[in-house]
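Give me coordinates for this.
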Amino acid sequence: MSASPPDVSSSAYRRYLYAIIVGVMMLSTVDRHVVAILVDPIKQDLGLTDSQMGWILGPSFTLVYTAAVLPLARWADRGVRRNIIALGLSVWSLFTMATGWVQGYLQLFVMRMGVGIGEASASPAIQSLVADTVPPEHRSRGLSFISVGAVLGIAVGMAGGGWVNELWGWRAAFVIAGAPGLFVALLFRMTVREPMRGQSEGRAAEPGEQRSLLEDGRYLLSLPAMRWLVVAHAFALLYTSGKGAWEPSFIIRTYDMGTGAAGTWYFLTTPIPSMFGLWLGGWLCDRWSARDERAYLWVPAVSLLASLPFMVLFLLWPEDHRVDLGGGLPLFPVAFAWSIASSILGAMHSAPFLSLVQGLARVRMRASAAALFSLTGTGVGSAIGPLVVGYLSQSFEVAYGEDSLRWGLVWLSLGFVASAAVCGLAARSVRSDLARARAERSASTGGHDPARG
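Got it, this is the predicted structure:
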């Protein structure tokens, strides 16, 4: 006799699940990004060079993460996702804490590799867990909390790591960044319920539904909406990754600020409003898609295009145009108001994209689908975006001098236009592709699949 499915239907439990997912994803990005704010003290203490730190910041983590994410996603499609997430969180937290005791370059490199392996377990498994817990009509909002936690983690890692370093040193920053993860891992394991595959859609997936990775990838790419979605995601991340990597430098150079002031303004005008935009995009998509499933593409297309003029205003607005807020506060650059608007609108595409991937995937390939989507979209956009900005800025130095970075970011913003255009192409087939996905889910058990996403 099969075990009865756990009760995951209450709104109170879902709110708790969202809260702990935000915590897990925040810890993931804190542990991933805290090293960026600690480059100089690590270099000085361990006697490293910029090129060595470049390997620590990039390949030591990303190469291992990329290699591990698909095998771990396949494990999540077969195993108990709650346990896999808790185990991965424990692994990357321990490696982060151990970084506080490294004595040389090789040890530091190995610690970052360990963080990459652990963190590769998180996002695909969490996306699959949410998809089987939250009904399709609320799925976009549920998935938005993954991105909210990630953005919050970047902010906490940058600001918190910097302050801890000033008070107690860079080694303490790694220990403090990693320690909470051990508690959260235990809490996740003991309190999160493992839903049955397809439970949120009123069906149960049979073990025999598991196919090979090649078969799953071939199925996904046979869907025109999925193919266009991957391209749209890459173009969107081309700009957001480039902007995220270079915006603090743009603020420092343009507004003549120190790293502390620039980091504070960046925190207030980009990560914080982006978190609201992530939730808003999911909420709007859930309401709109109930009437028209093309909303999974229309919400991103409209928000990306609406973000563009505010983005350009932020980059080109005169830096000496500032407003006195009173109360002894520093003068507020008007351009930062445009940045806030741009950050809200520019973040609204994320949750609809993630929700559509889960809607197109077969039930027993949801973690793998999330991993494939991340590799093909994030791998292209996130890897190329910062490089493109750097090369554009360098090529514009003769013409624009100190404003070369400004114009590099302006030109890269066209990535949002390209992403919106590709969303329009994906929208042409999204309803038929979602219908095909529902038919596949229904045929696999010979039953009716009521899901609409």
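
so Val388, which of the three states?
helix (DSSP: H, G, I helix; E, B strand; the rest coil).

count of residues packed around it?
By other C-beta atoms under 10 Å, 17 other residues sit near Val388. Quick note: C-beta positions are derived from backbone N, CA and C, even for glycine.

ok, now which ones touch it?
When contacts are counted by C-beta atoms under 8 Å, 6 or more residues apart in numbering, Val388 touches Leu238, Gly242, Gly408, Leu412.

And Met311, by the same measure?
Trp338, Ser339, Ser342, Gly346, Ser413, Phe416.

sorry, back to before: now for the contacts of Val388: which two are most distant?
Farthest-apart pair in the contacts of Val388 is Leu238 and Gly408; separation 12.7 Å (C-beta to C-beta).

between these two, which one's more packed in?
Leu238 (27 against 24).

quick one: which helix or strand includes the closest residue to the more buried one other than its chain neighbours?
Counting by C-beta to C-beta, 6 or more residues apart in numbering, Gly415 is the residue found nearest to Leu238 once chain neighbours are left out, at 4.0 Å. Under the criterion of DSSP states H and E, Gly415 resides in helix 414-427.

following that helix, which helix or strand comes up?
helix 430-443.

Could you list every helix and strand in contact with that following helix?
helix 224-255, helix 350-360 (3 or more C-beta pairs under 8 Å, 6 or more residues apart in numbering; DSSP states H and E).

of the contacts of Met311, closest to Leu143?
So of the contacts of Met311, ranked by how close each gets to Leu143 (C-beta to C-beta), first place is Gly346, at 17.4 Å.

Tell me who's in contact with that closest one.
Thr240, Ser274, Gly277, Ser303, Leu304, Ser307, Met311, Phe416.

what do you get for Gly116?
Contacts of Gly116 by C-beta under 8 Å, 6+ apart are Ser60, Phe61, Thr62, Leu63, Val64, Tyr65, Ala68.

Now restrict these to buried residues only.
With neighbours counted by 16 or more other C-beta atoms under 10 Å, the contacts of Gly116 contain buried members at Ser60, Phe61, Thr62, Val64, Tyr65, Ala68.

The fifth one: which element?
Think Tyr65. Here Tyr65 is assigned to helix 59-78, by DSSP H and E.

can you count the residues close to the closest residue to Leu308 other than its chain neighbours?
Leaving aside its sequence neighbours, Leu308 sits nearest to Phe416 (C-beta to C-beta, 6+ apart; 5.4 Å). Residues lying near Phe416 (other C-beta under 10 Å) number 27.

Which of the helices or strands spans the residue nearest to Arg74 when sequence neighbours are not counted?
Distances taken as C-beta to C-beta, 6+ apart place Ser368 nearest to Arg74, at 5.7 Å, with adjacent residues excluded. Element membership for Ser368 (DSSP H and E) is helix 366-373.

And the contacts of that helix?
With C-beta under 8 Å, 6+ apart as the criterion, helix 366-373 contacts 69-70, 72-74, 76-77, 81, 123-125, 127-128, 131-132, 213, 216-217, 220, 229-230, 233, 353-354, 357-358, 360-362.

now it, how far from the centre of its chain.
Offset of helix 366-373 from its chain centre (C-alpha atoms, centre = their mean, to the nearest Å): 14 Å.

and that helix with helix 224-255, angle?
Per axes from the mean of the first three to the mean of the last three C-alpha atoms, to 10 degrees, the angle that helix 366-373 makes with helix 224-255 is 60 degrees.

Tell me what angle helix 366-373 forms with helix 350-360.
Using the same axes, to 10 degrees: helix 366-373 against helix 350-360 is 130 degrees.

quick check: angle from helix 366-373 to helix 59-78?
Using the same axes, to 10 degrees: helix 366-373 against helix 59-78 is 150 degrees.

Could you write out the alpha-carbon coordinates of helix 366-373 in CSV?
What follows is the C-alpha trace of helix 366-373 in CSV, where atoms were taken according to Å, rounded to 0.1, in the frame of the first residue of the first chain:
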residue,chain,number,x,y,z
ARG,A,366,11.4,19.2,-13.0
ALA,A,367,14.7,19.6,-11.2
SER,A,368,16.5,18.5,-14.3
ALA,A,369,14.5,21.0,-16.4
ALA,A,370,15.5,23.8,-13.9
ALA,A,371,19.1,22.8,-14.1
LEU,A,372,19.1,22.7,-17.9
PHE,A,373,17.4,26.1,-18.1
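
what helix or strand does Asn165 sit in?
helix 139-168.

Just the buried positions in that helix, please.
So helix 139-168, judged by 16+ other C-beta under 10 Å, has buried residues 139-162, 164-165.

continuing past it, what's the next helix or strand?
helix 170-191.

got a list of contacts for the helix or strand that comes right after that following helix?
Counting by DSSP H and E, the next helix or strand C-terminal to helix 170-191 is helix 213-221. Contacting residues not belonging to helix 213-221 are listed as Leu70, Arg74, Arg211, Met226, Arg227, Leu360, Ala361, Arg362, Met365, Ser368, Ala369, Leu372 [C-beta under 8 Å, 6+ apart].

So what angle separates the directions of helix 213-221 and helix 224-255?
Using the same axes, to 10 degrees: helix 213-221 against helix 224-255 is 80 degrees.
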